[in-house]
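**Q** Here is a sequence together with a model predicted from it:
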Amino acid sequence: MRDTTYQYIDGSWIEGESNDEITVRNPAEPDEPIVSFPGADQEQARAAVDAAEAASDQWAAMAPADREAILYDAADRIEAQLDSLAETLTREEGKPISSSRGEVSRAAEIFRFFANDARNATGDTVPSNDPDTFTYTIREPLGVVTLISPWNFPIATPSWKLATALATGNTVVLKPSSETPMIAKRLVELLADAGVPDGVVNLVVGSGSTVGDHLTTHEAVDGVSFTGSTGTGRHIQKTVADRGIPIQTEMGGKNPLVVLPDADLEAAAEAAIGGSCGGTGQACTATSRLIVHEDVAAELTDAVVERANALSIGPGMNDPDMGPAVSAAENETNLEYIEIAKEEGATLLTGGGRPEDMETGYFIEPTVFTGVESDMRIAQEEVFGPVLGIIEVADFDEAVEVANDVTYGLSASIFTSDMTSSRAFTRQVEAGVVKVNGTTTGSQIQMPFGGMKASSSETHKEMGQRAHEFYTHEKVIYRSDP
């Protein structure tokens, strides 16, 4: 009998009590479920928040060095089980095993980096106008924070939310995607083994329609951090706005990669395919629009198609270049967008369907379109799959105009050898993350991460040196001694 206790509330693993059955399948071999279990119900969601509230004062009062030590221990435990965790991740999400190993390793690095926030999330000493008054600020935890994380980076994203929240003295309720609950459970198990007290970390696995609002509207919830689709993020923003508590959202993207005539075209082609097809295109920072100067469009297009056709596709455990989509629904959506692009007049150069030799699994071919216009749906709406649209432009100004001609603003890149053009692009492009001669994907832990426009709430960035700011209040102190 497989373990079906996926709810972790106040230090105990229990079964869900809703009528929602959560079934986890290997995207490469979906016929046989890996595990099936009942999701949490509304009462369990409320109980998780209650447990976090009850544990809040004691965790916040713990010596920062002790919180730091627990998070370092968690990092060591993640690293010690790297191969096993990576296999769990690949089995339920589908990505190549080498990518899963990289993500697990990154999770350990994240916990080590943000463990330092336990001691370093400090305030400021500010000169006072009154020589008899000492003025300074301190940072204090919000209290109880709900963390809602996606399926595409199912250990890295929860890790950077959890590590920062816990280091700064908050207690949490983590709601992972129902597509990838197994890796979330293992992460919480390791945190408990590392010494996180009962009630400090709680795990609720359930459908958003059943438990989602209860994890954001409960009167004890003091903040919400969400990563996922723009539609869901906007709903949560509206819900939380009525309560006036802090919210942090990181949502969709329609990320451009601009290529000018003086660019290294081989490097640009490599970045375009790596950014669009890496992780099966299932990243909010994936490259979905290749905006190329007409003078080099033909040469670059040939190089991109050649690289797309060279990618290997297969089950994640075989470590191909590209694994399957995470679910049947995601794959069908990808295929629907491909048909829409054809109907709108884009020209399919390669891919566009399921690989002929793969009868099972949610596989899709790397897909490249040319003849894409900026007003087409394929150029405007997020396609969470390995689908790249090539848009030709006449000059730099048009490239920037097209790059900004979407509701999203997460990541953008430009390939050029001209410093003037690169500086102008970094100033003019509407994106929270901008790269020069690099992929739109990928980020460094010490750098802030977040978007603009419909990609983010634009409140506080995640990751980086000041990630703790979202998870803390700043209190201003005026001290005049008698």
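**A** Nice, I can see it.
**Q** Which residues belonging to the worst-scoring helix or strand of the chain on mean pLDDT are considered buried?
**A** Counting by mean pLDDT, DSSP states H and E, the chain has its least confident helix or strand at helix 117-120, which shows a mean of 88. By 16 or more other Cβ atoms under 10 Å, the buried positions in helix 117-120 come out as Asp117, Ala118. C-beta here means a position set from N, CA and C on the backbone, and glycine is covered the same way.
**Q** what about that helix, distance to the chain center?
**A** Per Cα atoms, centre = their mean, to the nearest Å, the displacement of helix 117-120 from the mean C-alpha position of its chain is 24 Å.
**Q** now do stretch 160-168
**A** When distances are taken as Cα atoms, centre = their mean, stretch 160-168 is centred 15 Å away from the chain's centroid.
**Q** Pull the residues that contact that stretch.
**A** By Cβ atoms under 8 Å, 6 or more residues apart in numbering, the list of residues contacting stretch 160-168 from outside reads 59, 67-68, 70-71, 110-111, 113-118, 121, 139, 141, 145, 147, 149, 172, 174, 187, 191, 196, 200-201, 225, 227, 445, 462-463, 467-468, 470-472.
**Q** Which of these fall in strands?
**A** Arg139, Pro141, Val145, Leu147, Val172, Leu174, Val201, Ser225, Thr227, Thr472 (DSSP state E).
**Q** Could you export those residues as a markdown table, including pLDDT, neighbour count and distance to Thr420?
**A** Formatted as a markdown table, those follow (pLDDT from 0 to 100; neighbours: other Cβ atoms under 10 Å; distance: Cβ to Cβ, whole Å):
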| residue | pLDDT | neighbour count | distance to Thr420 |
| --- | --- | --- | --- |
| Arg139 | 93 | 18 | 41 |
| Pro141 | 97 | 23 | 46 |
| Val145 | 98 | 29 | 44 |
| Leu147 | 98 | 26 | 42 |
| Val172 | 98 | 29 | 46 |
| Leu174 | 98 | 25 | 46 |
| Val201 | 98 | 26 | 50 |
| Ser225 | 96 | 27 | 38 |
| Thr227 | 95 | 23 | 35 |
| Thr472 | 95 | 22 | 40 |
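**Q** how about those in CSV, adding distance to Thr416?
**A** As requested, those are arranged in CSV below (distance: Cβ to Cβ, whole Å):
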residue, distance to Thr416
Arg139, 41
Pro141, 44
Val145, 41
Leu147, 39
Val172, 43
Leu174, 42
Val201, 46
Ser225, 35
Thr227, 31
Thr472, 40
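**Q** any idea which of those is closest to Thr210?
**A** Leu174 (16.1 Å; Cβ to Cβ).
**Q** mind listing what the closest one touches?
**A** Residues in contact with Leu174, defined by Cβ under 8 Å, 6+ apart, are Leu147, Ser149, Pro158, Lys161, Leu162, Ala184, Val188, Val201, Asn202, Leu203, Val204.
**Q** Any chance of those residues in a markdown table with distance to Ala297 as columns?
**A** A markdown table is the format used below for the contacts of Leu174 (distance: Cβ to Cβ, whole Å):
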| residue | distance to Ala297 |
| --- | --- |
| Leu147 | 43 |
| Ser149 | 39 |
| Pro158 | 41 |
| Lys161 | 41 |
| Leu162 | 45 |
| Ala184 | 44 |
| Val188 | 49 |
| Val201 | 51 |
| Asn202 | 52 |
| Leu203 | 49 |
| Val204 | 49 |
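**Q** Looking at the residues you listed, spot the one nearest Gln282.
**A** Ser149 (14.2 Å).
**Q** Could you check how many residues crowd around the closest one?
**A** As a burial measure, Ser149 scores 25 neighbours (other Cβ atoms under 10 Å).
**Q** just checking, it touches Thr227?
**A** Yes: under the criterion of Cβ atoms under 8 Å, Ser149 makes contact with Thr227 at 5.7 Å.
**Q** overlap in contacts of those two?
**A** Common neighbours of Ser149 and Thr227, counting by Cβ under 8 Å, 6+ apart, are Thr157, Lys161.
**Q** Report how many residues lie close to Phe111.
**A** Per other Cβ under 10 Å, the neighbour tally for Phe111 reads 30.
**Q** Quick check: it touching Ala75?
**A** Yes: using Cβ under 8 Å, Phe111 is in contact with Ala75, at 3.8 Å.
**Q** Helix, strand or coil: sort out Ser209 for me.
**A** Classification of Ser209 by DSSP: H, G, I helix; E, B strand; the rest coil places it in helix.
**Q** per-residue pLDDT, it?
**A** You'll see Ser209 listed with a pLDDT of 86.
**Q** what does Met358 give?
**A** With respect to pLDDT, Met358 scores 88.
**Q** got it, and Asp3?
**A** Note on Asp3: pLDDT of 80.
**Q** Export the least confident helix or strand of the chain to PDB, keeping only CA atoms.
**A** The C-alpha trace of helix 117-120 is given here as PDB (Å, rounded to 0.1, in the frame of the first residue of the first chain):
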ATOM      1  CA  ASP A 117      19.000  36.000   6.600                       C
ATOM      2  CA  ALA A 118      18.400  34.700  10.100                       C
ATOM      3  CA  ARG A 119      21.200  37.000  11.200                       C
ATOM      4  CA  ASN A 120      21.500  39.500   8.400                       C
END
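**Q** Just after it, pick out the following helix or strand.
**A** Proceeding N to C from helix 117-120, the next assigned helix or strand is strand 125-126, under DSSP states H and E.
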